[in-house]
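Undergrad: pasting the sequence and the predicted model now:
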Amino acid sequence: MVVCYVGIGSNLDQPVVKAQLAIEALKQLPLSQLVAVSPLYCSKPMGPSEQPDYINAVAAIQTDLSPLALLDQLQKIEQQTGRVRKAERWGPRTLDLDLIL
């Protein structure tokens, strides 16, 4: 198994709830195990400042999924929580899961 890190961020539609849902979904990933999760913390948005602050966390997982399969799973979690991908960079998000390593 490989250890990787997933950045979790949300600033729309109950962001604390969205972050908690993401953590629960990460526990259910196939061929994977959630190892650790940081506390939730608040941060100012990058880019356009006319948006709510973000709730963020980082999760460590061990997985046997390939990088592309893991990315696919993360995008499915985003979609399940209402994320609609737009071309806008640094815009508001219902949920943003970033594969860090």
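TA: Alright, I've got the coordinates.
Undergrad: bridge partners for the residue most central in space within the chain, pull those for me.
TA: Note on the chain: the residue nearest the mean C-alpha position is Leu97, at 2.5 Å, using Cα atoms, centre = their mean. As for beta bridges, Leu97 partners with Ile8 under DSSP bridges.
Undergrad: and the helices in the chain?
TA: 15-27, 67-80 (DSSP state H).
Undergrad: do you know which of those lies nearest Ser49?
TA: Closest to Ser49 of those is helix 15-27 (Cβ to Cβ; 16.5 Å). Bear in mind the C-beta positions are built from the backbone N, C-alpha and C, glycine included.
Undergrad: between that closest one and helix 67-80, how many degrees?
TA: Helix 15-27 runs at 140 degrees relative to helix 67-80, counting by axes from the mean of the first three to the mean of the last three Cα atoms, to 10 degrees.
Undergrad: what's the average pLDDT for helix 15-27?
TA: Here helix 15-27 scores 98 as its mean pLDDT.
Undergrad: packing partners of it?
TA: Judged by 3 or more Cβ pairs under 8 Å, 6 or more residues apart in numbering; DSSP states H and E, helix 15-27 is in contact with strand 2-10, strand 32-37, strand 54-63, helix 67-80.
Undergrad: before we move on, back to that, so for Met46, which of the helices of the chain sits nearest?
TA: helix 15-27 (15.5 Å).
Undergrad: noted, bye for now.
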